[in-house]
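Quick one, structure for this:
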Amino acid sequence: MMTTTTIKAVRPKRKRWLAIGGAIVLLLVGFLVVSTLGRIRDNRAALQAQTGDTVAAFIGDLSASATASGQVEAGQSATLAAPAAGMVTGVYVRAGDMVTAGETLVQLDITGLLLGVERAQQNLALQEANLAALLSGAMAEEIAAAEAAVRSAQVSLADLLAGPDELDIAESEANIRAQQANVASASAAYNSTLGSISASTIAAAEAELLNAQLAYDQAREVNERFAIAGTHDRLEDATQNLAIAQAALDGLLAGPKKGNLTSSAAGITAAAANVEQVRANHEALLAGPTAAQIAAAEASLAQVQAQLASLTRGPSVEDIAIAEAGVEQARLVLEGAEEALAKATINAPFDGIVTGTYVTEGEFATGNVATLASSDLEVVLSVDEIDVGALSPGQPVIITLETWPNVEIDGLVASIAPAAGNNGSGIVTYAVQITLDETDLPILIGMTANARLITAEQKNVLLVPNAAITADREAGTFTVNLVTGESERPGNLRGNMPSAPVTEKVEVVIGLKDGQYTQILSGLSAGDEVIVGEIVAPITRFGPGGGANNDDGGPFGGG
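Numbers count the residues shown, from 1 in each chain. Next up, the predicted model:
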């Protein structure tokens with residue numbers, strides 16, 4: 001019990017000392033805070049300056065900035081599509097996979113494309129061979145054949161112009177007689193077909209049939225008595241002979257076959273037509289060549305002569321140009337076929353991450369097959385046209401993300417779009433690309449970003465609050481109310497009034513400004529005091545009746 005009592009007796013003293021020590025610490029901290037705040041007020045006197053306050057010009061840093069928002073985007077992105085409709089034979093990635101440049105993502109069927117390449121290669125080889133043959137010139141055999149063709153055409157034209165001789169006429173007349181003989185022969189054949197069946201012929205056929213019948217009856221009787229292989233064979237032979245004899249007699253009794261008569265009649269018609277043709281040719285021969293025949297012969301001669309001339313003089317510039325154009329066209333077709341074949345294998349154009357795949361193996365692809373984004377991220381801001389003029393590549397930017405609003409990320413302006421974007425709101429904005437410094441944050445594409453763009457920055461310059469400056473827009477000048485001293489105000493019935501500052505309007509030249517401060521280029525020095533906002537003139541004399549008047553006679557107050 002004593003031990004417990006002792007402990008309880010000591011505790012109040014300990015608490016009292018702790019409270020005293022805590023109070024001392026709080027006083028020290030408070031003193032430091034007040035002292036620090038005092039120094040801050042001295043250095044940034046106008047931080048909370050109100051209208052009518054006196055503040056001192058001080059040396060400090062100043063930066064002008066603009067704000068904008070946008071989204072996180074990949075430095076590079078690509079939507080990969082099938083170059084043409086085709087069957088998907090392989091899909092080798094899925095969303096989230098990291099890939100390297102050139103890695104195959106999707107494969108389309110290349111069977112038809114390979115055939116197209118082979119055909120294009122064959123056509124190119126053919127065109128190159130034609131050009132080579134043209135450049136090498138004609139061979140001796142080709143020239144000899146062309147010369148023979150010219151001689152033949154010349155002889156034909158000469159014979160045509162000379163007209164028929166006695167031999168030609170005799171040959172033509174002989175041809176007519178030969179065709180007339182053919183007509184007589186065809187008529188005889190027709191008559192022979194009609195008279196081929198006579199009474200004697202029929203009687204002979206009937207006798208043949210009777211003999212065949214007797215032989216058949218005898219063979220059958222023998223086979224019935226002695227049924228052995230030999231008698232059976234003789235019976236079959238007799239049966240076949242009886243059928244042949246019967247058919248022959250039936251054919252004679254039926255008369256000539258219609259097909260034979262038709263064929264014989266057709267022969268007579270053809271022979272008669274040939275007679276008419278050779279007679280017409282004979283008459284044309286006697287009449288001599290027509291103008292059309294002469295023109296055709298001359299044209300044929302001119303054609304073979306031109307071919308010979310072309311072979312002997314070699315290829316013309318135009319011929320070579322046409323052949324070379326054929327080779328070039330074939331080469332372009334081959335390049336197109338090879339390009340189509342290469343495009344059927346869809347590869348990653350750069351290192352990055354697959355953000356989506358839209359086809360499966362066996363599917364017929366007609367559009368997008370995959371999307372890809374690079375791992376380097378940037379922020380794309382929509383900057384108002386009012387602010388974009390103050391931006392240039394390389395300027396610093398401070399970025400915060402909606403996901404981590406309290407974490408600042410440094411960046412730089414990378415590029416500014418040369419044309420305004422269309423956001424549908426009527427506000428003119430420009431896309432500004434921002435590169436980000438390295439960060440450990442797991443930033444994702446599409447996150448919302450807010451930016452503070454540092455448009456200008458000045459170090460160790462003379463500053464005063466914005467409210468201390470008066471602008472004359474018409475004159476284009478800026479002034480401040482510089483405090484030059486204080487004036488005492490005499491007492492009145494209510495007692496002495498405090499002193500008022502004596503000011504002088506001083507013209508200044510300004511530089512950079514932000515939302516609070518303006519840079520003073522000339523007209524003030526560090527430590528000069530100025531009045532913020534409107535001022536009240538100091539009282540220097542009193543008017544009648546106890547009223548106070550200022551120097552220029554304006555009333556200040558009464559009572």
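
is the spatially closest residue to Leu80 that is not a sequence neighbour in a bridge, and if so with what?
On the basis of CB to CB, 6 or more residues apart in numbering, the spatially nearest residue to Leu80 that is not a chain neighbour turns out to be Ala370, at 4.8 Å. C-beta: built from backbone N, CA, C; applies to glycine. Counting by DSSP bridges, Ala370 forms beta bridges with Leu80, Thr357.

Am I right that Ala370 is in contact with Tyr92?
No. Using CB atoms under 8 Å, Ala370 is not in contact with Tyr92; the gap is 10.0 Å.

In terms of neighbours, single out the busier of those two.
Ala370 (23 against 15; other CB atoms under 10 Å).

Could I get the contacting residues of that one?
Going by CB atoms under 8 Å, 6 or more residues apart in numbering, Ala370 touches 80, 93, 105-106, 346, 354, 356-359.

now do Arg331
Leu124.

for the stretch 301-450 of the chain, what spans make up the helices?
Shown for the stretch 301-450 of the chain, the helices assigned by DSSP state H, counting those that start in this stretch span residues 317-343, 385-388.

And the average pLDDT for the last one is what?
Summarised as a single mean, pLDDT over helix 385-388 is 84.

packing partners for that helix?
On a contact count with 3 or more CB pairs under 8 Å, 6 or more residues apart in numbering; DSSP states H and E, helix 385-388 meets strand 429-436.

Run the chain-centre distance for the strand it packs on.
Between the centre of strand 429-436 and the centre of its host chain there is 25 Å, according to CA atoms, centre = their mean, to the nearest Å.

low-confidence ranges in the stretch 251-400 of the chain?
Applying pLDDT under 70 to the stretch 251-400 of the chain picks out residues 254-261.

Give me the sheet partners of the strand or helix carrying Thr503 and which way each runs.
Assigned by DSSP states H and E, Thr503 falls within strand 500-513. Partners of strand 500-513 in the sheet, by DSSP bridges, are strand 477-487 (antiparallel), strand 517-522 (antiparallel).

and Leu301, which of those is closest to it?
Distance to Leu301, taken as CB to CB, is lowest for strand 517-522 among these, at 101.3 Å.

Which strands or helices does the next helix-or-strand element following the closest one pack on?
Counting by DSSP H and E, the next helix or strand C-terminal to strand 517-522 is strand 529-531. In terms of contacts (3+ CB pairs under 8 Å, 6+ apart), strand 529-531 is packed against strand 54-56, strand 477-487, strand 500-513.

Out of those strands, the one nearest Arg279 is which?
The nearest among the helices and strands packed on strand 529-531, by CB to CB, is strand 500-513 at 118.7 Å.

chain center to the helix or strand hosting Ile169: distance?
Under the criterion of DSSP H and E, Ile169 resides in helix 166-194. Taking CA atoms, centre = their mean, one finds the center of helix 166-194 at 79 Å from the center of the full chain.

what packs against that helix?
Where contact means 3+ CB pairs under 8 Å, 6+ apart, helix 166-194 is packed against helix 258-287.

Report the inter-axis angle for the helix it packs on versus helix 166-194.
170 degrees (axes from the mean of the first three to the mean of the last three CA atoms, to 10 degrees).

Give me the buried positions along helix 258-287.
Residues 264, 267-268, 271, 274-275, 278-279, 282, 285 are the ones in helix 258-287 that count as buried (16 or more other CB atoms under 10 Å).

Then stretch 390-407?
391, 395, 397, 399-401.

what's the closest non-adjacent residue to Gln329?
Gln127 (7.6 Å).

Name the next helix or strand following the host helix or strand of the one you found along the chain.
According to DSSP H and E, Gln127 maps onto helix 111-136. On the C-terminal side of helix 111-136, the nearest following helix or strand under DSSP H and E is helix 140-162.

For that next one, list the C-alpha coordinates in CSV.
Listed next in CSV are the C-alpha coordinates belonging to helix 140-162 (Å, rounded to 0.1, in the frame of the first residue of the first chain):
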residue,chain,number,x,y,z
ALA,A,140,20.4,-13.0,-139.4
GLU,A,141,17.6,-15.6,-139.7
GLU,A,142,14.9,-13.0,-138.9
ILE,A,143,16.3,-10.7,-141.5
ALA,A,144,16.5,-13.5,-144.1
ALA,A,145,12.8,-14.4,-143.4
ALA,A,146,11.7,-10.8,-143.8
GLU,A,147,13.6,-10.5,-147.1
ALA,A,148,11.9,-13.6,-148.4
ALA,A,149,8.5,-12.3,-147.4
VAL,A,150,9.2,-9.1,-149.3
ARG,A,151,10.1,-11.0,-152.4
SER,A,152,7.0,-13.1,-152.2
ALA,A,153,4.8,-10.1,-151.8
GLN,A,154,6.5,-8.4,-154.8
VAL,A,155,5.9,-11.4,-157.0
SER,A,156,2.3,-11.7,-156.0
LEU,A,157,1.7,-8.0,-156.8
ALA,A,158,3.5,-8.3,-160.1
ASP,A,159,1.5,-11.3,-161.1
LEU,A,160,-1.7,-9.6,-160.1
LEU,A,161,-0.9,-6.5,-162.2
ALA,A,162,0.2,-8.6,-165.2
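
out of the helices and strands packed on strand 529-531, nearest to Val183?
Set against Val183 and scored by CB to CB, the helices and strands packed on strand 529-531 come closest in strand 500-513, at 124.0 Å.

Run through who's touching the closest one.
With CB under 8 Å, 6+ apart, strand 500-513 has contacts from 54, 62-64, 456, 458, 461, 466, 469, 477-487, 489, 518-524, 529, 531, 535-539.

Which ChimeraX command selects the buried ones in these?
Remark: buried members of the contacts of strand 500-513, expressed as a ChimeraX selection using 16+ other CB under 10 Å:
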select :54,62,64,458,461,466,469,478,479,480,481,482,483,489,518,519,520,523,524,529,531,535,538,539
